[in-house]
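Asks: sequence below, structure please.
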Amino acid sequence: MFAEKLGKQLGHPTRSVAGWLVSKLLTVGNRALEESVVQISGIQPEDTVLELGHGPGLGLQSAAKLLTAPTGHLIGLDYSAYMHQMASELMKELVASGKVTLHHCDVAAMPLVDSTVDRVFHCNCYYFWPDLKKGATEIHRVMKPGGLMVTGMKLSSVAAFAAKRVMPGENWRPDAYMTALSDSGFTDVRMEDKQHKHITFQAIYATASK
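Replies: Below is the predicted model of the structure:
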């Protein structure tokens, strides 16, 4: 019962005691992972970058520091209204300046123009998508040809454990996600064990082929 409640909150945190606790868990547990994935995503100063499932906004903070060119633009989206509000508050100055745009929406229905994103990253996120193929197809749609997507995860994390308990089928498995990426038009889909600073994690890379 506890794992099921935790899994639901990790996938869609709400404004509640449980949601507040999950936000603290994400802030503490995901900071190093988010920063590490940003560093391996190859972000260039002039890129348009998208983070999926941004949570409290730690990855957004890290990525924004790399977009130093005037044309650099950061986009974030999250399905949770609570996480969207938290990140909006954290990034309010950059949102006001137009450097950052945040959307409260589903990854399978992003309000973005085709072929406009250079880099996509997300952490401990895909486990909770009801339909991996729809999510992967939508990511592919918004990415420029040759754009790189990086997924960061710790398969031993609380999020991965909880996803196994609440999501149907085998969606939490990396190979299921990698198959969805390949079927959606991504190439060079691969998973690597990575070490950055003091953490070990897994990273899935995929290139948008068009």
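
Asks: element containing the nearest residue to T207 once chain neighbours are set aside, please.
Replies: In space, and not counting its chain neighbours, T207 is closest to D188: 4.7 Å by C-beta to C-beta, 6 or more residues apart in numbering. For glycine as for every other residue, the C-beta is placed from the backbone atoms N, C-alpha and C. Assigned by DSSP states H and E, D188 belongs to strand 186-196.

Asks: and if you look at Y177?
Replies: helix 174-183.

Asks: hang on, the earlier thing: now what about the strand holding D188, what contacts it?
Replies: Applying C-beta atoms under 8 Å, 6 or more residues apart in numbering, the contact partners of strand 186-196 are 32, 35-36, 39-40, 136, 140, 149, 174, 178, 181-182, 200-209.

Asks: for that strand, buried residues please.
Replies: 186, 189, 191, 194, 196 (16 or more other C-beta atoms under 10 Å).

Asks: quick one: the strands in the chain?
Replies: 48-52, 73-78, 100-104, 117-123, 143-153, 186-196, 199-208 (DSSP state E).

Asks: output the ones you listed as JSON lines; include the columns distance to W129.
Replies: As requested, the strands of the chain are exported to JSON lines (distance: least, C-beta to C-beta, whole Å):
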{"stretch": "strand 48-52", "distance to W129": "9"}
{"stretch": "strand 73-78", "distance to W129": "12"}
{"stretch": "strand 100-104", "distance to W129": "16"}
{"stretch": "strand 117-123", "distance to W129": "10"}
{"stretch": "strand 143-153", "distance to W129": "11"}
{"stretch": "strand 186-196", "distance to W129": "15"}
{"stretch": "strand 199-208", "distance to W129": "14"}
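
Asks: out of these, flag the one nearest K92.
Replies: Nearest of the strands of the chain to K92, taken as C-beta to C-beta: strand 100-104 at 9.2 Å.

Asks: for the record, mean pLDDT for the closest one?
Replies: Per-region confidence: strand 100-104 scores 98 on mean pLDDT.

Asks: next one: stretch 178-185
Replies: Per-residue scores along stretch 178-185 average to 97.

Asks: contacts for that stretch, please.
Replies: So stretch 178-185 is contacted by 132-133, 135-137, 139-140, 149, 189-191, 204, 206, 208-210 (C-beta under 8 Å, 6+ apart).

Asks: identify the farthest-apart pair in those.
Replies: Longest span within the contacts of stretch 178-185, C-beta to C-beta: M191 and K210, 22.5 Å.

Asks: hang on, the earlier thing: show me which of the contacts of stretch 178-185 is closest to N124.
Replies: I204 (12.0 Å).

Asks: can you pull the contacts of the closest one?
Replies: 150-151, 153, 174, 177-178, 181, 189-191.
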